[in-house]
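Enquirer: Okay, sequence plus prediction incoming.
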Amino acid sequence: MSAEARAGEWSRWDRFKAYVEVTKPRSVFLLVFTSLPPMLLAAQNYPFSWGQGILALWAVTLACAGANAVSCYVDRDLDAAMIRTCHRPIPSGRIYPPEKALYWGLLLFFASLFLGWQLNPVAALCLGGGMLGYVGVYSLWLKRRSAWNIILGGLAGGLPALFGWTAVSGRLDLLPLLMAALVVLWIPNHIWSLAIFYREDYARVRVPMLPVITTLGKALHCLLLTVVLMVALSLYIGYLGDWGYIYWITALLTGGAALGLSVYVVLRPSPRSAWLLFKFSSPYLFFIFLAMMLDTLCR
Ligand code: HEM
Ligand SMILES: CC(C)=CCC/C(C)=C/CC/C(C)=C/COP(=O)(O)OP(=O)(O)O
């Protein structure tokens, strides 16, 4: 049954939930969480008020939610065709016509830009760059064309972390840039592990994720390389940021687990081991940034 035909069968509560679901809330949570440690770190070096912090949190939340909703509109044809995404709000008809998701996303995004501008121009630029990078560079330009889509398109993923710092400081500095780079280096293992699990799904809709267009072995070696670089950068950030025991113990334990799991997937490649690596990827990033936050608060 078409999305149009099903549009009438959803309750008001279903539709409300759909407008939340279309923002991909789980990813928004982690994206926003990566902005917290840089924000708290900047607050120790620049004038900061809790009102500013709350404004910044709202701004980055609305920006990521808006970008995700616009991306769901852009990818509505892919989402309808992929097994993994066919039950999402637009293909399922819970948001109909699809343009409502576009307008919803743009509303959230421009609201975030207004809030970001109240903080400072650099912070607003980070939010604008995030939408441009994710929706423009990734969803519209590279996702369907290049196996390196998540490398260039993934830069947007580091912008919430950079926003956290600039929202307070109004400027760019090396440490927050490296914290943002850690998120960007985390993305390949996050998505390529998932793309291995859903390889046929991506192949059927002709999205050239690296594990789809090259051999599994080559994709896994590229994945392992990015994990080695990610763990190395996490250790350098520990040195440069002069973080304490909380960070170092967390970085070594989670980094060791990430490396071990990645080597395991390379040695024993299977949909199950790839899925395990994907499901581990978000907790890895969460605990690394949580350790940064706790260390900062303990200073
Ligand atoms: C170009 C960059 C990225 C791509 C292509 C990507 C892709 C994906 C995909 C395909 C999923 C599965 C969604 C589903 O099936 O419902 C996912 C889940 C997720 N993504 Fe990403 N992602 C990217 C960047 C990020 C970033 C930067 C973050 C946060 C810092 C993030 C956080 C999450 C979270 C928390 C989930 C849910 C994980 C779970 O269910 O265990 N993603 N991502
Ligand atoms: C500051 C700012 C606005 C930054 C933007 C950060 C951002 C929203 C990054 C993308 C995160 C994400 C969940 C991508 C999904 O990729 P996908 O669309 O390929 O996933 P799908 O196949 O599940 O739809």
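Expert: Great, that's in hand. Ligands and ions are numbered 1, 2, ... in the order given.

Enquirer: contacts and neighbour counts: CA atoms only from here.
Expert: Noted.

Enquirer: Near the nearest residue to Ala65 once chain neighbours are set aside, how many residues? Count them for me, please.
Expert: Sequence neighbours aside, Thr23 is the residue nearest to Ala65 in space, at 4.5 Å (criterion: C-alpha to C-alpha, 6 or more residues apart in numbering). Number of residues near Thr23 (other C-alpha atoms under 10 Å) recorded here: 27.

Enquirer: quick one: Thr23 and Gly66 touch, right?
Expert: Yes. Counting by C-alpha atoms under 8 Å, Thr23 does reach Gly66; the two are 6.5 Å apart.

Enquirer: Find residues that contact each of those two.
Expert: Gly105 (C-alpha atoms under 8 Å, 6 or more residues apart in numbering).

Enquirer: Can you give the distance of stretch 66-75 from its chain's centre?
Expert: 13 Å (C-alpha atoms, centre = their mean, to the nearest Å).

Enquirer: meant to ask about stretch 125-136, not that
Expert: 12 Å.

Enquirer: ok, residues contacting it?
Expert: Contacts of stretch 125-136 (C-alpha under 8 Å, 6+ apart): 60, 63-64, 67, 70-71, 109, 112-113, 116, 153-157, 159-160, 162-163.

Enquirer: Keep only those of those residues that are in helices.
Expert: 60, 63-64, 67, 70-71, 109, 112-113, 116, 159-160, 162-163 (DSSP state H).

Enquirer: contact partners of stretch 275-282?
Expert: Against stretch 275-282 from outside (C-alpha under 8 Å, 6+ apart): Leu30, Trp186, Asn189, His190, Ile191, Ser193, Leu194, Phe197, Ala258, Leu261, Ser262, Val265.

Enquirer: Is any residue of that stretch near ligand 2?
Expert: No. Using C-alpha under 6 Å from any ligand atom, stretch 275-282 stays clear of ligand 2, with a minimum separation of 11.2 Å.

Enquirer: do the same with stretch 142-150
Expert: No. Judged by C-alpha under 6 Å from any ligand atom, stretch 142-150 stays clear of ligand 2, getting no closer than 7.1 Å.

Enquirer: so where's the longest helix in the chain?
Expert: Per DSSP H, the chain has its longest helix at helix 271-297.

Enquirer: hmm, back to that, near ligand 2, from the contacts of stretch 125-136?
Expert: Taking C-alpha under 6 Å from any ligand atom as the test, ligand 2 is in contact with Ala63, Cys64, Ala67, Ser71, Ala156, Gly157, Leu159, Pro160 out of these.

Enquirer: from the residues you listed, which are also near ligand 1?
Expert: Within those, those near ligand 1 by C-alpha under 6 Å from any ligand atom are Gly157.

Enquirer: Pipe the ones next to ligand 2 among the contacts of stretch 125-136 into a markdown table and attach neighbour count and pLDDT per row.
Expert: Converted to a markdown table, these look like this (neighbours: other C-alpha atoms under 10 Å; pLDDT from 0 to 100):
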| residue | neighbour count | pLDDT |
| --- | --- | --- |
| Ala63 | 33 | 98 |
| Cys64 | 31 | 98 |
| Ala67 | 28 | 98 |
| Ser71 | 24 | 98 |
| Ala156 | 27 | 96 |
| Gly157 | 25 | 97 |
| Leu159 | 33 | 98 |
| Pro160 | 32 | 98 |
